[in-house]
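Peer 1: Whatever this is, show me its structure:
(2 chains)
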Amino acid sequence: MSSATVARLQEHIEVPLRPRAWGFKGRLLASGLGLVVAWGVFAWFHQLDSGLVVTGLGNRVPWGLYITDFVFFIGISYAGTLVSAILRLSHAGWRRPITRLAEMITVVGLSIGSVLIVVDMGRPERLLNVVRFPHLHSPLTWDMLAISTYLIGSIIYLYLPLIPDLAVLSKSPTLGPLRRRVYRVLSLRWARLPEQRASLNKSIAILAVLLIPVAIAAHTVVGWIFGMTLREGWDSTIYGPYFVVGAIFSGIAGLIVVMAILRRVYHLEEFITEKHFRYLGWLLLVFGLLYAYFTGSEYLTMGYKLNMGSQSLLHELTLGQYAVPFWTFGLAGLVVPLLLLSFRRTRTIKWIPIAGALVLVGMWCKRLVIVVPSLALPTMPYEWGVYQPTWVEWSITAAAFAAFTLMFMVLVRCFPMISVWEVDEGLEREEGLEREEGLEREEGLELEPVVEEPLGSRRALAASGAEGGKR
Amino acid sequence: MKRLITAVVMGLVLVGASSASLAHAQDNSGELTRLSLTARTTIVSGRPIVMKTLLLDLEGRPVGGAVIRLVATTKFLGTERDVIMDEAVTDASGIGKLNFSPTRSGTAIVTARFSGLATYGASEASLTVDVQRPVVAHHRTHNGDQSSWANLILILVAGIYCIYAMALWQARKIFRSGLRNENLIGSTPLEGTR
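Peer 2: A predicted model of the protein is given here:
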């Protein structure tokens, strides 16, 4: 490794990507989030002590906010697989600065989602029965297997590309000895040897190939929890792919929002450029259109056949007690973001994160209208079931979102949020290409067009002058 | 004396029994009847069917207004008993329609019974029906298939974990290479050469 490359690598990590201590605002935010999480834990203990009677759940509507949150967070977790694994396998060079964030979202989202399943259970200790007496014909068992497998794979997939960056951090004089020691152990004595790079690339490639089907399986099985039943609104053959597309849609939206926040807070304009937002905006648009197609197909077939159950369900969704979340999904989650992403004028770094945030709100509402109304719909000639979430459920929901943010803050506090070695590898590749181009020019050969755009980096900045990294 | 009492009691019992049977015979001492029972002999559990009876006198004339009971024999507390399943009154053509709703699969013997009237004697007819299990749309597959699916899922999950292990094995190679490098040049990781 040339000394210049090492210096640049270290420079990248030291300034500005090195995990930095929280400032006053950061500590204040972390304390606030910690309090919300603590309140949520208190609410959960209250629920454990008093039973599920303190929630709005009952024998008619046994699933509510917890399962809505669960599906939402599992959906968000798709960001890591899509952006990191798929783009890595397709050799999309622009992915490099955002893969780490995507992988972190996956791990945090899956962790929070898994905990929410435990919270949803009145007797959490009975979760062990799924392991002790597994019933492999139950979609719930499939779900547990798929999500735990996906979580373990995602943690390994987050860890492996961290190894080179941890090696650099373990040498950082600004960090304490304990942290350096931990980083040194975790870095597996990385020395950037060719055989180490080969092993690392091989292991990452193995996982990238594997995690895509695992993630698809995990989200399909989440869809099957609903689709394998005969309930009105759930009894659908498209629920597997519908959930996968919905998960990718909300996962990209989550990634865009996280990128926008961190870019602003940590001043990462140099690395996360408008190009990343534009490319992810395109992806969001494509998956938004796909999701709209699935949604239209789902409701149109239901509305065309219009048996008694469907009629009642559609009425409640569109005009009844679930109209607000339903239309919030339709307008805020689909129509407005898709319009924002469709026009060049609004497909900008300012509006794409807004579209992403709207998608997240809309998709949460969509999960609510998937879970609750189908359960509240009577299967016998009775009144509609009533579900009114209580303060316990709202507190735990707020705690889940706070825990997501807090866990993310802690991860960013401890590990580089941008995969420095991958960015550097991209720079080296560009250098190589430039050298090859120079040689070809000297030899009077015709130039092949370079497909891959240069990364938003210092070099790119230097080339583009004072554009502020908005290439 | 004791023998005398015993003989009297036995005599009374015999007289009583014979008079009772005589009375019963007198009840059904009318014209003899013929009862026939027709229905499908292969039916499905849980799905009611209609069994048709025809009551005729000896000369083949229909007997109307007669009560026909459908009886199935069932075992209760170790004893076989008749359970009345349905009851119908024959019309002017001597036809009665009885509903039978089998609840269990297997072979069932059902009997249509006419207890007789003042002018007609009793008669009955039996039918053996084969009650089959219902075939439902979302039935469970039999145990063999279930085990196969379960095994397939387990094999898949085990395969995924094996590939995770492969990836971690590669990470182990990273560690070993780094260790070897450090031993060779006695340097810190970043000072190693590419």
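
Peer 1: Enumerate the residues of the stretch 101-250 of chain A near chain B.
Peer 2: Residues of the stretch 101-250 of chain A found near chain B (Cβ under 8 Å from any Cβ of the partner chain) are A:136-137, A:142, A:145, A:149, A:152-153, A:156, A:160, A:163, A:167-168, A:170-171, A:184, A:187-197, A:199-200, A:202-204, A:206-207, A:210, A:214, A:230. In short, each C-beta sits where N, CA and C put it, glycine included.

Peer 1: Next step: the residues you listed restricted to helices.
Peer 2: If you go by DSSP state H, these have A:142, A:145, A:149, A:152-153, A:156, A:163, A:167-168, A:184, A:194-197, A:199-200, A:202-204, A:206-207, A:210, A:214 in helices.

Peer 1: How many neighbouring residues does B:Arg81 have?
Peer 2: Counted with other Cβ atoms under 10 Å in any protein chain shown, the neighbours of B:Arg81 add up to 11.

Peer 1: wait, doesn't it sit right on B:Thr73?
Peer 2: Yes - B:Arg81 is within contact range of B:Thr73, at 7.2 Å (criterion: Cβ atoms under 8 Å).

Peer 1: So for the closest residue to chain B within chain A, what pLDDT did the model give?
Peer 2: Of all residues in chain A, A:Arg189 sits closest to chain B, at 2.8 Å by Cβ to the nearest Cβ. On pLDDT, A:Arg189 comes in at 87.

Peer 1: Which stretches in chain B count as strands?
Peer 2: With DSSP state E as the criterion, chain B has strands at B:33-38, B:42-44, B:49-57, B:67-76, B:79-89, B:95-100, B:106-114, B:123-132.

Peer 1: Using JSON lines, please lay out the ones you listed together with mean pLDDT.
Peer 2: Listed next are the strands of chain B as JSON lines, based on pLDDT from 0 to 100:
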{"stretch": "strand B:33-38", "mean pLDDT": "91"}
{"stretch": "strand B:42-44", "mean pLDDT": "87"}
{"stretch": "strand B:49-57", "mean pLDDT": "91"}
{"stretch": "strand B:67-76", "mean pLDDT": "83"}
{"stretch": "strand B:79-89", "mean pLDDT": "85"}
{"stretch": "strand B:95-100", "mean pLDDT": "92"}
{"stretch": "strand B:106-114", "mean pLDDT": "89"}
{"stretch": "strand B:123-132", "mean pLDDT": "90"}
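
Peer 1: who wins for proximity to chain A among the ones you listed?
Peer 2: Nearest to chain A, of all the strands of chain B, is strand B:42-44, at 21.4 Å by Cβ to the nearest Cβ.

Peer 1: rewinding a little: could I get the strands of chain B as JSON lines with distance to chain A?
Peer 2: Compiled in JSON lines, these are given as follows (distance: least, Cβ to the nearest Cβ, whole Å):
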{"stretch": "strand B:33-38", "distance to chain A": "38"}
{"stretch": "strand B:42-44", "distance to chain A": "21"}
{"stretch": "strand B:49-57", "distance to chain A": "27"}
{"stretch": "strand B:67-76", "distance to chain A": "31"}
{"stretch": "strand B:79-89", "distance to chain A": "28"}
{"stretch": "strand B:95-100", "distance to chain A": "25"}
{"stretch": "strand B:106-114", "distance to chain A": "27"}
{"stretch": "strand B:123-132", "distance to chain A": "24"}
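
Peer 1: for the most centrally placed residue in chain B, what are its contacts?
Peer 2: By Cα atoms, centre = their mean, the mean C-alpha position of chain B lies nearest to B:Arg104, the distance being 1.1 Å. With contact set as Cβ atoms under 8 Å, 6 or more residues apart in numbering or on different chains, B:Arg104 has these partners: B:Ser45, B:Val131.

Peer 1: Ramachandran coordinates for it?
Peer 2: Backbone dihedrals for B:Arg104, given as degrees, to the nearest 10, come out at phi -130, psi 150.

Peer 1: what's the burial count for A:Thr405?
Peer 2: 18.

Peer 1: so what's the closest residue to it other than its chain neighbours up against?
Peer 2: Leaving aside its sequence neighbours, A:Thr405 sits nearest to A:Leu33 (Cβ to Cβ, 6 or more residues apart in numbering or on different chains; 5.5 Å). Contacts for A:Leu33 (Cβ under 8 Å, 6+ apart) come out as A:Ala402, A:Ala403, A:Thr405, A:Leu406, A:Met409.
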